[in-house]
Each structure stands twice: as C-alpha cells, then as structure tokens.
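# Sequence plus predicted model, see below.
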Amino acid sequence: MQFSYIRLAIPFICGMIGANFFCDFITPLPIFVCSSAFLAIMFVIHFILKEGNVKKTLFIIAATLFATILGAAIYTHHHHIIANSLPSDTTQCMGVLEEHPKEKAKSYQLKLKQANGTHIIIYAGKNKRNPQNDSAQYSSLCIGDTIRARIKHLSATNKAEGQFAKYRTYLFHNDVCATAYTPPQQWSISRRTTPPSLLEKLSSTSVLLHTVYEQHGIAGDEGSIIEAMTIGRKDNLTQQIRTNYSASGVSHILALSGFHIGIITFILQLIFLSRITQLRWRWVANIAIIILLWVYATVTGLSPSIVRATIMFSIIFLCHYNNRSVFTLNSCAIAATIMLCINPFWLNSVGFQLSFISVAAISLYCKRIESIIPNKNRILSLILQIVVISAVCSIATAPLVAYNFGIIPLLSILTNLAIYPLAFAIIAIALLWWIFLWQEEINSTLTDILIHLTSYMNSITEWVSSLPFSSFEWHPSIVGVACSYLLLLLIHMLLSVIFGQKRILN
C-alpha cells in the first residue's frame with residue numbers, strides 16, 4: 001500500500017498538535033494507558049475476528065485512534081518533563097555548559113544542561129570594574145565544564161506571558177525550562193575531567209571549521225553565507241542579508257536542508273559509485289554514504305530540516321540496497337515519526353514545518369506536472385523543473401511563511417532560477433576547497449571563485465529585494481493559516497479528480 005505509513009503518521013502528528021493546546025491540563029499517564037488499551041484492541045481485532053470488511057474497518061479505526069493518542073501521550077510526557085525541571089533551590093543552580101558563552105550588552109549568556117537533560121539559561125552580569133579579566137574568564141570556559149551559580153529572578157519559560165511571551169515559548173520548545181540572572185563573579189567552575197564523546201567532538205567541529213575558513217580568507221558577508229550553506233553556521237549573517245534573501249524568496253538557501261544534502265549526496269555518489277562497477281559491492285558505497293551524511297548532519301548541528309533530509313536519504317539508500325522502491329511520501333512520514341518520537345517539540349520548529357510541507361508538496365505534484373513537460377531539450381526541461389519545484393514549494397509554504405515572517409515573496413520562482421545553479425556551484429566548489437585545503441595555489445584559486453560566486457548571488461538577491469513588487473506584507477492569524485491550507489486542500493482534491501479523469505480517458 002503506497003500510503004500505509006502516512007495513514008499512521010497523520011493521526012500521530014494530529015495527536016501531538018492537539019496535545020500542544022491541552023497539555024497544561026492533562027497528565028501523560030492516563031493517555032499512555034488509553035493508547036495501550038487501543039493497542040490491545042488492535043491485537044484482539046487482528047487475531048480473533050474473522051477476515052472481512054468489518055474487521056478491516058475496525059482495525060483501521062483502532063489503529064488511527066492508537067496513533068492519535070500515542071502522539072498526544074509522547075508530546076504531553078515531554079512537555080511535563082520540561083515544565084517540572086526547575087531547580088529545587090531557586091537561589092542557585094548547577095549544570096554542564098552546553099554552548100560557548102555568548103556576549104550580550106550587559107551580560108554573558110550561559111546555556112547549562114541539568115542532570116535530567118533539560119536546559120536553563122543563565123545571564124551572568126558583566127564586571128564593569130575589570131572588563132578585560134571578565135572577558136578572558138568567559139573565553140576560557142569550555143563545553144562540558146560544570147557551572148555552579150547563585151541566581152536571581154528565576155523565571156519558568158512555560159509561563160509565556162507579557163512582553164517576552166513569544167521568546168519564552170521559543171525557549172521552552174527548545175528544552176529550556178527557565179532563565180535566571182546571576183550577579184558578576186557569583187558563579188564557580190569545575191573543569192571537565194572526562195574526555196568528550198565522539199558526538200560532542202563532531203558537534204563542536206563547526207567552530208573549528210569557522211576558524212579554518214577565516215584563516216584562508218573566507219570572511220565578511222560572503223564568508224558568512226558560505227559558512228551558512230556548508231557548515232550550517234549562521235551566527236555571522238547580518239540582518240540585511242537575511243532580509244534580502246527572505247524578500248527574494250530564497251532564504252531556504254541559507255538553511256541546510258534537503259537541497260544541500262541532495263548536492264552532497266550527488267557528489268558522494270560520483271566519488272563512490274563511479275569506482276564500484278560490480279553491483280554486489282555497491283551496498284558498501286551506500287552504507288559509506290549514509291555514514292558520511294550522518295557525520296555531516298552532526299557536524300552542522302542536527303537541525304530539523306537536515307535531520308529530515310538525512311533520514312529520508314538513508315531510507316532511500318537502504319531501500320535501494322534491498323532492491324525495493326521507496327515512495328517519497330512514505331519516507332517523509334517515517335522521517336517525521338522518528339524525529340517527533342526523539343523530540344516532540346520539533347513539531348513547533350518552523351524549519352521542521354517548512355521542510356516537510358515542501359517535500360510533501362513536491363512529492364504530490366512535481367511528478368504529475370513534470371510528466372507534461374517535454375523532455376526533448378535537456379536544458380529547457382531542467383529550467384522547467386526548477387520553475388515547477390519553486391512554484392510548488394512557494395505556494396505550499398506561503399501561509400506558513402507569512403505567519404512566521406509576515407512576508408510573501410512574489411519573485412521567488414524567477415530568483416530561484418538564477419540562485420539554484422549558483423548555490424549548486426558554491427556547495428560543490430566548497431567541497432573541493434576542503435579537499436585541496438593543503439594545496440595553497442589550488443585552494444587560493446578556489447577561494448577567489450567562491451567569493452566571486454557568493455558576491456554575485458548577493459547582488460542578485462539585493463537587486464530583487466529592492467524592487468517595489470518583489471514581496472508584500474501579510475500577517476495572518478492561526479485561523480487564517482488554517483483556512484489557507486483548507487483552501488489548498490480543496491484545490492488539491494479538485495486537481496486529483498481532474499488528473500484522475502484524464503488518466504481514465506487516456
């Protein structure tokens with residue numbers, strides 16, 4: 001059955017969406033008991049009832065209810081863990097430093113991981129009398145060090161009220177249970193004694209890669225874009241660059257996703273599969289590519305969009321190993337279910353939502369539309385494919401983009417025609433740049449090429465965003481977004497009927 005996984009994934013996600021509104025009023029235990037009851041009912045229906053339409057209908061109903069309630073139970077359980085993780089002593093806290101300290105106007109931000117796995121953010125006040133010593137002290141902190149701090153103004157993030165309600169909700173959905181303030185020099189440090197794990201080493205590699213880029217002349221606006229497109233580091237992106245790319249409809253280029261993973265996978269296939277002619281040994285290349293993709297995903301920070309893409313490509317390669325065909329929507333449903341079981345709060349991530357909506361829209365429409373496109377001219381066919389993918393993604397994500405960013409780009413299809421080839425070239429050349437890192441002449445030439453290509457891409461987005469008709473503002477409510485997607489669903493149903501009638505006539 002083509003849509004078997006989707007039939008379970010949709011109610012599973014719907015259960016989580018429902019729990020998001022009611023998890024403050026319910027506890028996870030009764031929901032888990034209820035889901036277990038429906039699982040038992042499924043077994044009874046499967047093994048006791050006789051085959052027939054009644055058995056099939058009852059089993060589908062029980063499976064749907066089980067998936068819905070299970071999703072609600074998992075989300076509620078995770079919500080209660082974060083909400084009930086405040087330090088027992090509201091005057092002090094202890095945790096392991098999770099990220100490098102970030103300097104703010106009047107403080108340093110320290111993200112600490114508590115013993116139960118949740119996080120608390122401490123804003124440590126600056127020492128105005130000795131700022132140089134203060135800066136050196138925070139610079140010496142390493143990930144994995146244990147911080148003990150005397151705190152004030154402990155504030156739970158699940159109580160999203162007032163001026164900073166949205167920010168507190170954002171922190172809560174990133175597993176941060178509270179924020180607090182500690183006065184200058186009111187904290188102590190215990191240096192890490194155990195060596196970092198392989199996962200921690202990979203996660204901290206992006207800082208080292210950033211340093212290597214700077215040492216070889218890749219810096220400034222162009223360098224920040226190259227880093228965002230290759231190692232997922234967006235700290236140095238200016239607000240102007242973000243605005244230009246968003247108004248041009250190509251902000252997805254700056255966020256690692258399936259587009260970037262697809263290019264890297266294509267290059268890895270050329271490297272590995274071109275050297276393995278015997279089909280029986282190609283499984284080795286597939287496994288090697290999967291491992292390298294997960295290493296890359298870990299190094300770049302395991303964002304929801306890149307995790308989704310890596311899971312889907314892994315499923316595709318494993319299915320090819322078993323000589324099985326894979327339906328994109330099924331692999332998309334499996335990826336979503338796995339990710340939400342690991343971290344249910346990814347459901348609230350804009351990157352997660354945009355990533356899966358885009359892939360679902362491409363899976364539903366692109367093949368149907370591309371079948372109409374003439375393929376006699378390869379260049380024309382490729383251009384039309386880019387137009388189709390851009391149009392489908394733009395329409396499918398428009399309500400969500402407007403809700404989160406308040407803007408609808410109108411020229412995204414045309415901009416993507418110019419940006420996609422440049423982005424492909426930048427990622428491919430960046431990979432060559434790392435391969436020839438120790439060859440100074442080649443590396444210097446590749447650096448110049450990368451800087452020029454990125455500068456040209458910046459010029460395009462800056463020009464498009466400056467046009468008066470490049471975008472328009474729209475700030476829909478959550479009801480407006482729901483109505484927009486209901487309208488898109490009705491259009492989808494209408495198109496499905498039209499395509500189905502054409503198929504019957506042909």
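Structure's in. What do you need? Residues are numbered from 1 along each chain as shown.
# what about the strands in the stretch 51-200 of the chain?
Secondary structure of the stretch 51-200 of the chain (DSSP state E, counting those that start in this stretch): strands at 92-97, 102-103, 107-113, 119-125, 146-150, 152-156, 176-182, 187-190.
# With mean neighbour count and distance to Ala40 as added columns, please give those strands in a markdown table.
Yep, even glycine has a C-beta here, placed from its N, CA and C like the rest. Listed next are these as a markdown table, based on neighbours: other CB atoms under 10 Å; distance: least, CB to CB, whole Å:
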| stretch | mean neighbour count | distance to Ala40 |
| --- | --- | --- |
| strand 92-97 | 19 | 41 |
| strand 102-103 | 13 | 50 |
| strand 107-113 | 20 | 38 |
| strand 119-125 | 22 | 37 |
| strand 146-150 | 18 | 45 |
| strand 152-156 | 14 | 37 |
| strand 176-182 | 22 | 35 |
| strand 187-190 | 14 | 49 |
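# can those strands go into TSV with extra columns for mean pLDDT?
Converted to TSV, the strands of the stretch 51-200 of the chain look like this (pLDDT from 0 to 100):
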stretch	mean pLDDT
strand 92-97	89
strand 102-103	86
strand 107-113	90
strand 119-125	91
strand 146-150	90
strand 152-156	86
strand 176-182	90
strand 187-190	87
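# Turn those strands into CSV, columns for distance to Ile357.
CSV is the format used below for the strands of the stretch 51-200 of the chain (distance: least, CB to CB, whole Å):
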stretch, distance to Ile357
strand 92-97, 35
strand 102-103, 31
strand 107-113, 29
strand 119-125, 28
strand 146-150, 39
strand 152-156, 31
strand 176-182, 26
strand 187-190, 43
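# And the ones you listed: which comes nearest Tyr485?
strand 176-182 (29.4 Å; CB to CB).
# quick one: low-confidence parts of the protein?
Scanning the chain for pLDDT under 70 picks out the ranges 1-4, 160-163, 273-281, 320-327, 366-382, 499-506.
# which one of the strands of the stretch 51-200 of the chain lies closest to Leu450?
In terms of CB to CB, the element of the strands of the stretch 51-200 of the chain nearest to Leu450 is strand 102-103, at 27.6 Å.
# Give me the contacts around the closest one.
Residues from elsewhere that reach strand 102-103 (CB atoms under 8 Å, 6 or more residues apart in numbering): Tyr108, Gln109, Ser135, Tyr138.
# ok, now stretch 113-121?
81-82, 85, 87, 93-98, 109-112, 171, 174-180.
# can you rerun that using 7 Å?
Contacts to stretch 113-121, defined as CB atoms under 7 Å, 6 or more residues apart in numbering, come from residues 81-82, 85, 93, 95-96, 98, 109, 111-112, 171, 175-180.
# hmm, back to that, between the strands of the stretch 51-200 of the chain, which one is nearest to Ser394?
Judged by CB to CB, the one of these that comes nearest to Ser394 is strand 176-182, at 32.8 Å.
# partner strands of that closest one, parallel or antiparallel?
Applying DSSP bridges, strand 176-182 is found paired with strand 119-125 (parallel), strand 152-156 (antiparallel).
# Would you convert those strands into TSV that also reports distance to Gly301?
Listed next are these as TSV, based on distance: least, CB to CB, whole Å:
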stretch	distance to Gly301
strand 119-125	15
strand 152-156	26
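# And the ones you listed: which comes nearest Val299?
Using CB to CB, the strands paired with strand 176-182 put strand 119-125 closest to Val299, at 21.2 Å.
# The closest one: how far from the chain's middle?
25 Å (CA atoms, centre = their mean, to the nearest Å).
# what angle separates it from strand 107-113?
160 degrees (axes from the mean of the first three to the mean of the last three CA atoms, to 10 degrees).
# related to what we said a few turns ago, so can I have CSV of the contacts of strand 102-103 showing distance to His210?
Formatted as CSV, these follow (distance: CB to CB, whole Å):
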residue, distance to His210
Tyr108, 20
Gln109, 19
Ser135, 19
Tyr138, 18
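# What is the nearest of the residues you listed to Val284?
For the contacts of strand 102-103, the nearest to Val284 is Gln109 (45.0 Å; CB to CB).
# Look up how far Glu214 lies from the closest residue to that closest one other than its chain neighbours.
Distances taken as CB to CB, 6 or more residues apart in numbering put Lys102 closest to Gln109, at 4.3 Å, once the chain neighbours are dropped. To Glu214, Lys102 is 18 Å away according to CB to CB, to the nearest Å.
# what's the answer for Gln109, then?
Counting by CB to CB, the gap from Gln109 to Glu214 is 23 Å.
# Run through the bridge partners of the residue nearest to His153 when sequence neighbours are not counted.
In space, and not counting its chain neighbours, His153 is closest to Tyr181: 4.8 Å by CB to CB, 6+ apart. Legend: beta-bridge partners of Tyr181 under DSSP bridges are Tyr123, Lys152.
# Next up, the contacts around Tyr181.
With contacts defined as CB under 7 Å, 6+ apart, the neighbours of Tyr181 are Tyr123, Gly125, Ile151, Lys152, His153.
# isn't the second one right up against Pro183?
Yes: at 5.3 Å, Gly125 counts as touching Pro183 under the criterion of CB atoms under 7 Å.
# mind listing the helices for the stretch 1-150 of the chain?
Using DSSP state H, counting those that start in this stretch, the helices found in the stretch 1-150 of the chain span residues 4-22, 28-48, 53-83, 131-139.
# What is the first one packed up against?
Same thing as helix 4-22. Packing contacts for helix 4-22, counted by 3 or more CB pairs under 7 Å, 6 or more residues apart in numbering; DSSP states H and E, involve helix 53-83, helix 328-342.
# Redo these as JSON lines? Include mean neighbour count and distance to Tyr403.
Shown next, in JSON lines, are those (neighbours: other CB under 10 Å; distance: least, CB to CB, whole Å):
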{"stretch": "helix 53-83", "mean neighbour count": "19", "distance to Tyr403": "21"}
{"stretch": "helix 328-342", "mean neighbour count": "19", "distance to Tyr403": "20"}
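# Make JSON lines from the ones you listed and add distance to Val388 to it.
JSON lines is the format used below for the helices and strands packed on helix 4-22 (distance: least, CB to CB, whole Å):
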{"stretch": "helix 53-83", "distance to Val388": "33"}
{"stretch": "helix 328-342", "distance to Val388": "15"}
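# so which of the ones you listed comes closest to Phe47?
Closest to Phe47 of the helices and strands packed on helix 4-22 is helix 53-83 (CB to CB; 10.5 Å).
# any idea of the angle that closest one forms with helix 4-22?
Using the same axes, to 10 degrees: helix 53-83 against helix 4-22 is 40 degrees.
# What is helix 53-83 packed up against?
Helices and strands touching helix 53-83, by 3+ CB pairs under 7 Å, 6+ apart, are helix 4-22, helix 28-48.
# Can you show me the helices along the stretch 251-400 of the chain?
Counting by DSSP H, counting those that start in this stretch, the helices of the stretch 251-400 of the chain are 258-272, 282-299, 304-321, 328-342, 350-361, 367-370, 378-405.
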